[in-house]
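Visitor: I'd like to go over a predicted model; first the sequence, then the structure.
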Amino acid sequence: MTEAARATGRGGGLTLGEAAGRWVLVAVVLGSGMTFLDSTVVNVALPTIGRDLGASLEGLQWTVNAYTLTLAALILLGGSLGDRFGRRKIFMIGTVWFALASLMCGLAPDIHVLITARALQGIGGALLTPGSLALIQSSFASEDRARAIGVWSGLGGIAGALGPLLGGWLVDAVSWRWVFFINLPMAALVLAVSSRHVPESRDEAATGDFDVAGAVLGAVGLAGITYALIGAGGRQADLAGVAVSGFLGLAALAGFVWTERRSSHPMLPPGLFANRQFTAANLVTFAVYAALGGVFFFLVLELQTEARFSPLASGSALLPITIIMLALSERSGRLAERIGPRIPMTVGPAVSAVGLLLMLRIGADASYVADVLPAVCVFGLGLACTVAPLTATVLGAADVRHAGTASGVNNAVARAAGLLSVAALPLLVGLSGDDYENPAAFGHGFRLAVLICAGLLVVGSVLAWTFISSDVLKEAPEEPDSVAKELPPLHHHCAIVAPPLQCNAEGADRKACGPAAPGPPPPSSRRDS
């Protein structure tokens, strides 16, 4: 009898001291690590992809945004499917889907096929990523659960750190297509381990309808606005198409809000926003992650376009950010517990904004040691100061029973912020077409984009100082009865592994919750208490 068969059911009793528990950890680390790698290696390959496929800057925007769009729109639904039909089953389906979409990406003959495949990858990611931490929660004994999450977090951080290096090496040594092909052996190993060693689990109490209407309206709304923003920046923009797309996007988002307010099982429960601290933390999240999404899209392109760094060198340039966040995020979280999150969430974005201003020195004759390293180090220090307190505030502002829901909502806000940032910034700074191959033109646009992103970080800092309370982490909030009645029971979409949160399935242990490895924006950072 396999370990999977032996430990089925809700709430397993595995430990890290036995082989069965270690096999489960191997499966979830490899599965989530595959998505972490993909989210960091693709940006490094963008200039090479553009040249090889003859893509415009708009095509590169969609290469990033197609994945983010479907992932952001469907990740909460993916978590609910796992709880209803089996977390291991949906985790494995997501792995297969992600691998097949990765194969399609690697074989793409043109940019249009690549964009389609990236959107399919996002669907696979939405099925795969919620299940990784949920499987730890449902499989491990309570006394070993936090330790297992800590090991998962640390190994995931290593995957995030290696992503840019691996991506740069693959582009330099082999081909950008191997950025996607590398997912295939990883997926095969995940499936082999999961089928034999990972126990199945589901929430037997899960009832009610899935919020399919909310997911569809959210996806259509984000897609319409994204298409309008990217299309408006083209040199031969179809203004009528842009206007229609923008109108449909706004109408769909209005329909999304209406649907969520009326749904008995909303994907994005409006009642959570009745809490002022939760709303404020999500506003800070939107401002900060919009800045991060723009910076990481533009910086790697700038390093390869104007500064003439190789893909490997440009990927390596970001490594200090990951190292700083891995080293300091836990301490930052503990500081926020001691003095409250208001000051760290105010200082952190401001410090990151200073780091962005230092990036204005990056140009045609940029030196890594003199121009790039100081900027990314200061930027990373600010992020390390920000992410863990932001995570703790979102969870601390929500009732303990709804910590997983709060995590998922904040995740969606962060994804949407990055999506819209990558769509809007080239339009705002006047870049389009093949400008990413024109060093002077792209360098000018890069510096304007950096200033806008620095402004967004300052906005996040001001919002934190104005609205975040230093006492929000001291005790759990008492929610109004109307809010508690509106929110669905926390038995679904338990673990959201993306920026900026991860949380245990039942939401019962805040110490097992912390920042997850961000997706396209910052390299991994996590807090484990």
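Guide: Nice, I can see it. Numbers count the residues shown, from 1 in each chain.
Visitor: quick check: buried residues in stretch 367-381?
Guide: Tyr368, Asp371, Val372, Ala375, Val376, Cys377, Val378, Phe379, Gly380, Leu381 (16 or more other CB atoms under 10 Å). C-beta here means a position set from N, CA and C on the backbone, and glycine is covered the same way.
Visitor: so what's the first one up against?
Guide: Listed by CB atoms under 8 Å, 6 or more residues apart in numbering, the contact partners of Tyr368 are Phe309, Ala313, Ala317.
Visitor: next one: it from Ser139, what distance?
Guide: 44 Å (CB to CB, to the nearest Å).
Visitor: thinking again about what came up before, okay if I get the contacts of Tyr368 as TSV plus neighbour count and secondary structure?
Guide: Converted to TSV, those look like this (neighbours: other CB atoms under 10 Å; DSSP: H, G, I helix; E, B strand; the rest coil):
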residue	neighbour count	secondary structure
Phe309	21	coil
Ala313	16	helix
Ala317	24	helix
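Visitor: which of the residues you listed sits closest to Leu431?
Guide: Leu431 has its nearest neighbour among the contacts of Tyr368 in Phe309, at 19.0 Å by CB to CB.
Visitor: next, that closest one: phi, psi?
Guide: Dihedral pair for Phe309: phi -80, psi 150, per degrees, to the nearest 10.
Visitor: dump the residue contacts of it.
Guide: Leu303, Ala317, Tyr368.
Visitor: buried set for the lengthiest helix in the chain?
Guide: Counting residues, the longest helix found in the chain (DSSP state H) is helix 19-53. Across helix 19-53, burial judged by 16+ other CB under 10 Å covers 20-50, 53.
Visitor: just how off-centre is that helix within its chain?
Guide: 13 Å (CA atoms, centre = their mean, to the nearest Å).
Visitor: for the helix or strand that it is followed by, list every residue counted as buried.
Guide: Past helix 19-53, further along toward the C-terminus, the next helix or strand under DSSP states H and E is helix 57-85. With burial defined by 16+ other CB under 10 Å, the residues of helix 57-85 counted as buried are 57-84.
Visitor: angle of helix 57-85 against helix 19-53?
Guide: 160 degrees (axes from the mean of the first three to the mean of the last three CA atoms, to 10 degrees).
Visitor: keeping just the C-alphas, turn the helix or strand just after helix 57-85 into CSV.
Guide: On the C-terminal side of helix 57-85, the nearest following helix or strand under DSSP H and E is helix 87-107. The C-alpha atoms that make up helix 87-107 are tabulated as CSV, following Å, rounded to 0.1, in the frame of the first residue of the first chain:
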residue,chain,number,x,y,z
ARG,A,87,-6.4,18.6,-3.7
ARG,A,88,-4.0,16.0,-5.0
LYS,A,89,-6.1,15.4,-8.1
ILE,A,90,-6.4,19.1,-9.0
PHE,A,91,-2.7,19.6,-8.1
MET,A,92,-1.7,16.8,-10.6
ILE,A,93,-4.1,18.1,-13.2
GLY,A,94,-2.6,21.5,-12.9
THR,A,95,0.9,20.0,-13.2
VAL,A,96,0.0,18.2,-16.4
TRP,A,97,-1.7,21.3,-17.8
PHE,A,98,1.2,23.5,-16.9
ALA,A,99,3.7,21.1,-18.5
LEU,A,100,1.7,20.8,-21.8
ALA,A,101,1.3,24.6,-22.0
SER,A,102,5.1,24.9,-21.3
LEU,A,103,5.8,22.5,-24.2
MET,A,104,3.5,24.7,-26.4
CYS,A,105,5.5,27.8,-25.3
GLY,A,106,8.8,26.2,-26.1
LEU,A,107,7.6,25.1,-29.6
